[in-house]
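A.B. asks: With the input below, show me the fold.
(one chain, ligands or ions: 2)
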Amino acid sequence: MFVTYQNTSHFFCFASCPRDKGFTTLNARPDLTAEYVVGIDFGTLSGRAVVVRVSDGAELGSATLDYPHGVMDTTLAATGAALPPEWALQVPQDYVDVLKSAVPAALAAACIDPAQVIGVGTDFTACTMVPTLADGTPLNELPEYADRPHAYVKLWRHHAAQPHADRINDLAFERDETWLPRYGGLISSEWEFAKGLQLLEEDPELYNRMEHWVEAADWIVWQLTGRYVRNACTAGYKGIFQNGAYPTEDFLGALNPAFAQFANDKVAHEIGQLGDAAGTLSAEAALWTGLPEGIAVAVGNVDAHVTAPAAQAVEPGQMVAIMGTSTCQVMNSDQLAEVPGMCGVVDGGIVSGLYGYEAGQSGVGDIFAWFINTQVPPRYFEAAEHAGQSIHQYLTDLAARAPVGAHGLIALDWHSGNRSVLVDHELSGLVLGTTLTTRTEEIYRALLEATAFGARSIVESFNASGVPVTEFIVAGGLLKNAFLMQTYSDILRLPISTIASEQGPALGAAIHAAVAANAYADVRAAGQAMGKLNKNVYTPNERSAGVYDRLFAEYELLHDYFGRGANEVMHRLKALKREAIAAPITGKETA
Ligand SMILES: Nc1ncnc2c1ncn2[C@@H]1O[C@H](COP(=O)(O)OP(=O)(O)O)[C@@H](O)[C@H]1O
Ligand SMILES: O=C(CO)[C@@H](O)[C@@H](O)COP(=O)(O)O
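C.D. replies: Numbers count the residues shown, from 1 in each chain. Ligands and ions are numbered 1, 2, ... in the order given. From the prediction side, this is the model:
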């Protein structure tokens, strides 16, 4: 279990601070009267805990735990059995391990007295689904189901339910379901209902044994408090809860008679509002975390939406892009509109009183990780190590040396499918223009640029739908890549502001904890006091932007050609891949 610490405080550490861990003590006396909150961000690859001062959002200490089982997308760890294409699973115990390790470590790094902590807030990737018994026990923890893939957590980027999403969308369009426009006209295979329908039809025994189909954002709050409370954010964006209702029994039964009661029996449950307390920290969770039993625990939230107040970006037109493994774009508006291909719009989905819009790109950092892990020759890793740089930064610096367009390449950022604006996870990646002299760093740069072109497609969809984007703010792990940020500014032709925190989502969770602990009246007020933003850190370079406009025109042609039906080759390739894997031809067959 690998936990990394960061002591960001300038406080004199008392005996409680484990000097043997190598923490340096600095001559500044701790504020013994201050109140603190803890924010815990459950990302795709790791969980991060941050200790935050209630009065001003100062971050005193943080710690990260990489999930021991990571993302299971090729084999099931418990058995070694191969998983089909497009699967992505996780082990829920990994999330509890974050509570048991990263939280105590963050408290130690902050050198505060845990008794000064008044609340804890969490945020999670979504839609990450946990099938549970009535008491919240995940099905994979039952010995009889440990070898069943459907018993495990389906991570947000589990894309094997695309055929189920297609059926949901076709039927909803045919029946003119009123909720469909709230999702840009298409429900994603990544969301609750497509995944639930896949579970029913591929493992009905598990489906029938399951009592609750729980967002991980709510499951972790359940572990902290002993109470199951659904959060209003995922209920709306991922659970098709609109105007106080889920899709009807009649609609669900038309998909599959056995699915008619899915919303009533497996999904529906008490819904808590963002910033409210879901409950208080249980005695067991207090032992895990080192936090005081009985402190407020905020209703769960999503890693993207929770970040908007942390960036002081909750006003209409301020689009916050949480850029990590994926990118989520979230933005408030006082207008309710249908934005083609958005992920969803929820009244109060980000902060109360405004319509919260979400769009997204399922693959961003994931695409760069795929390239690093499979396409980069060893000499680049050796050179990066010699230069004392991460491979990402080394490749970025190499790529940045060339003028815009010098690589002669264009790429489609669909290696993890397309979440917005096409909502199709049967699409796949593409790099066009390679020659015998194309270099590794040139392809890396084309992939960086492709994700920015994808973001521009989303921004232009909002602008064209009467929900204009007036400011672009970046949070998440990718903001550390300055060249990537400048590229986004050039391609979007917008200034890029950045959240002044390396743990934006965790800071957002901490803000919600402060509201749940009644330190602030609401999330807006808490964000104003505790959030942090660096305005207009990057501004467009006109010369680069002009060349990028020409590349974006090519991107749009490829986007529509491969993504809107002119050529279904990407769908055919994935179908062929599934057939080949299902009935492998080894060449040893007898005539
Ligand atoms: N300097 C970098 N440039 C580009 N991509 C990076 C860089 N550093 C990390 N990444 C990518 O960012 C992703 C991790 O993002 P992060 O926000 O830390 O995690 P999460 O998505 O779990 O919240 C990984 O996919 C990794 O490949
Ligand atoms: O889909 C959402 C939010 O709606 C994200 O949780 C999901 O894309 C995962 O985000 P990360 O890339 O892990 O930060």
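A.B. asks: So Phe462 sits against Val469, correct?
C.D. replies: Yes - if you go by C-beta atoms under 8 Å, Phe462 and Val469 touch, sitting 5.4 Å apart. Every C-beta, even on glycine, is put in place using the N, C-alpha and C of the backbone.
A.B. asks: got any residues that touch both of the two?
C.D. replies: Met319, Met331 (C-beta atoms under 8 Å, 6 or more residues apart in numbering).
A.B. asks: Not counting sequence-adjacent ones, nearest residue to the residue nearest in space to the middle of the chain?
C.D. replies: The centre of the chain sits closest to Thr125, judged by C-alpha atoms, centre = their mean, with a distance of 4.1 Å. Excluding the flanking residues, the one nearest Thr125 by C-beta to C-beta, 6 or more residues apart in numbering is Trp156, at 4.9 Å.
A.B. asks: do the same with Ala286
C.D. replies: Glu293 (3.9 Å).
A.B. asks: What count of nearby residues applies to that neighbour?
C.D. replies: Applying other C-beta atoms under 10 Å, we find 13 other residues in the vicinity of Glu293.
A.B. asks: got a list of what it touches?
C.D. replies: For Glu293, the contact set (C-beta under 8 Å, 6+ apart) comprises Thr280, Leu281, Ser282, Ala283, Ala285, Ala286.
A.B. asks: Against ligand 2, how distant is the fifth one?
C.D. replies: Same thing as Ala285. Separation of Ala285 from ligand 2 (C-beta to the nearest ligand atom, to the nearest Å): 23 Å.
A.B. asks: More neighbours: which of Phe462 and Val469?
C.D. replies: In this view Phe462 and Val469 are compared by other C-beta under 10 Å, and Phe462 has more residues nearby, 24 against 20.
A.B. asks: quick revisit: between the contacts of Glu293, which sits nearest ligand 2?
C.D. replies: Ala285 (22.9 Å; C-beta to the nearest ligand atom).
A.B. asks: Just to be sure, the closest one is in a helix?
C.D. replies: Yes - counting by DSSP: H, G, I helix; E, B strand; the rest coil, Ala285 is found in a helix.
A.B. asks: tally of neighbours for the residue nearest to Asp413 when sequence neighbours are not counted?
C.D. replies: Nearest residue to Asp413 in three dimensions, chain neighbours excluded: Ala450, at 4.0 Å (C-beta to C-beta, 6+ apart). Taking other C-beta under 10 Å as the criterion, the count of residues near Ala450 is 28.
A.B. asks: what's the answer for Ala245, then?
C.D. replies: With other C-beta under 10 Å as criterion, Ala245 counts 12.
A.B. asks: which residue does the stretch 1-150 of the chain bring closest to ligand 1?
C.D. replies: For the stretch 1-150 of the chain, C-beta to the nearest ligand atom, closest residue to ligand 1: Gly43, 2.6 Å.
A.B. asks: Buried subset of the contacts of Glu293 as a PyMOL selection?
C.D. replies: What follows is the PyMOL syntax selecting those of the contacts of Glu293 that are buried according to 16 or more other C-beta atoms under 10 Å:
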select buried, resi 280+281+282+285+286
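A.B. asks: quick revisit: in what helix or strand does the residue nearest to Thr125 lie?
C.D. replies: Under the criterion DSSP states H and E, no helix or strand holds Trp156.
A.B. asks: from what I can see it touches Cys127, true?
C.D. replies: Yes - assessed by C-beta under 8 Å, Trp156 is found in contact with Cys127 at 5.4 Å.
A.B. asks: Gln361 contacts Val421, correct?
C.D. replies: No - using C-beta under 8 Å, Gln361 is not in contact with Val421; the gap is 10.1 Å.
A.B. asks: how about the residues of the protein near ligand 2?
C.D. replies: 43-44, 125-126, 156, 302-304, 322, 324-326, 328, 358, 360 (C-beta under 6 Å from any ligand atom).
A.B. asks: Which ones among those residues lie within strands?
C.D. replies: Ile322, Cys328, Glu358, Gly360 (DSSP state E).
A.B. asks: Those residues: which two are farthest apart?
C.D. replies: Using C-beta to C-beta, the two most remote members of those are Ile322 and Glu358, lying 10.4 Å apart.
A.B. asks: Quickly list what's touching both of the two.
C.D. replies: Ala304, Cys328, Val330.
A.B. asks: Who wins on neighbours among the residues of the chain next to ligand 2?
C.D. replies: Ile322 (33 neighbours).
A.B. asks: bridging residues for that one?
C.D. replies: Ile322 has these beta-bridge partners by DSSP bridges: Cys328, Ala475.
A.B. asks: quick one on the thing from earlier: ok, the stretch of helix or strand the residue nearest to Asp413 belongs to near ligand 1 or not?
C.D. replies: Using DSSP H and E, the element containing Ala450 is helix 440-464. No - Helix 440-464 is not in contact with ligand 1 by C-beta under 6 Å from any ligand atom; minimum separation 7.3 Å.
A.B. asks: and Trp382, how many neighbours?
C.D. replies: Actually, residue 382 is Glu rather than Trp. Neighbour tally, Glu382, other C-beta under 10 Å: 10.
A.B. asks: wait, I meant Asn231
C.D. replies: Neighbours of Asn231 using other C-beta under 10 Å come to 30.
A.B. asks: Pull the number of nearby residues for the nearest residue to it once chain neighbours are set aside.
C.D. replies: Leaving out its chain neighbours, the residue that sits closest to Asn231 by C-beta to C-beta, 6+ apart is Gly300, at 4.1 Å. For Gly300, the neighbour count with other C-beta under 10 Å is 33.
A.B. asks: ditto for Pro378
C.D. replies: Count around Pro378 with other C-beta under 10 Å applied: 7.
A.B. asks: which residues of the stretch 201-350 of the chain fall in helices?
C.D. replies: 204-209, 216-225, 232-237, 249-255, 283-289, 307-310 (DSSP state H, counting those that start in this stretch).
A.B. asks: interface residues of this protein facing ligand 1?
C.D. replies: So the chain meets ligand 1 at 43-46, 324-325, 365-366, 368-369, 390, 392-393, 476-478, 480-481 (C-beta under 6 Å from any ligand atom).
A.B. asks: What segments of the stretch 451-591 of the chain are strands?
C.D. replies: 471-475, 496-499, 533-538 (DSSP state E, counting those that start in this stretch).
A.B. asks: So which residues make contact with the second one?
C.D. replies: What it means is strand 496-499. So strand 496-499 is in contact with 307, 310-311, 313, 320, 471-475, 479, 485-486, 488-489, 507, 531-539, going by C-beta under 8 Å, 6+ apart.
A.B. asks: switch the cut-off to 10 Å
C.D. replies: 307-308, 310-313, 318, 320-322, 471-476, 479-480, 482, 484-490, 504-505, 507-508, 531-540 (C-beta atoms under 10 Å, 6 or more residues apart in numbering).
A.B. asks: In PyMOL, how would I select the buried members of those?
C.D. replies: Under the burial definition 16+ other C-beta under 10 Å, those of the contacts of strand 496-499 that qualify are selected in PyMOL by:
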select buried, resi 307+308+310+311+312+313+318+320+321+322+471+472+473+474+475+476+479+484+485+486+487+488+489+490+504+505+507+508+531+532+533+534+537+538+540
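A.B. asks: surely the residue nearest to the centre of the chain meets Thr325?
C.D. replies: Yes - Thr125 sits in contact with Thr325 when judged by C-beta atoms under 10 Å, with a separation of 8.1 Å.
A.B. asks: Show the average pLDDT along stretch 571-583.
C.D. replies: For stretch 571-583, mean pLDDT is 93.
A.B. asks: Could you list the buried residues of it?
C.D. replies: Buried-residue list, stretch 571-583, by 16+ other C-beta under 10 Å: His571, Lys574.
A.B. asks: And that stretch, how far out from the chain middle?
C.D. replies: How far stretch 571-583 lies from its chain's middle: 28 Å, per C-alpha atoms, centre = their mean, to the nearest Å.
A.B. asks: now what about it, what contacts it?
C.D. replies: With contact meaning C-beta under 10 Å, 6+ apart, stretch 571-583 is reached by 82, 84-86, 159-160, 162, 417, 424-428, 562, 565, 568, 585.
A.B. asks: CA atoms of it as PDB?
C.D. replies: Taking C-alpha atoms only, stretch 571-583 is exported to PDB below (Å, rounded to 0.1, in the frame of the first residue of the first chain):
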ATOM      1  CA  HIS A 571     -18.200   0.200 -35.200                       C
ATOM      2  CA  ARG A 572     -17.400  -2.700 -37.600                       C
ATOM      3  CA  LEU A 573     -13.900  -3.000 -36.200                       C
ATOM      4  CA  LYS A 574     -15.100  -3.300 -32.600                       C
ATOM      5  CA  ALA A 575     -17.700  -5.900 -33.700                       C
ATOM      6  CA  LEU A 576     -15.000  -7.900 -35.500                       C
ATOM      7  CA  LYS A 577     -12.800  -7.600 -32.400                       C
ATOM      8  CA  ARG A 578     -15.600  -9.100 -30.200                       C
ATOM      9  CA  GLU A 579     -16.200 -11.900 -32.700                       C
ATOM     10  CA  ALA A 580     -12.600 -12.800 -32.900                       C
ATOM     11  CA  ILE A 581     -12.100 -12.800 -29.200                       C
ATOM     12  CA  ALA A 582     -15.400 -14.800 -28.600                       C
ATOM     13  CA  ALA A 583     -14.400 -17.600 -31.100                       C
END
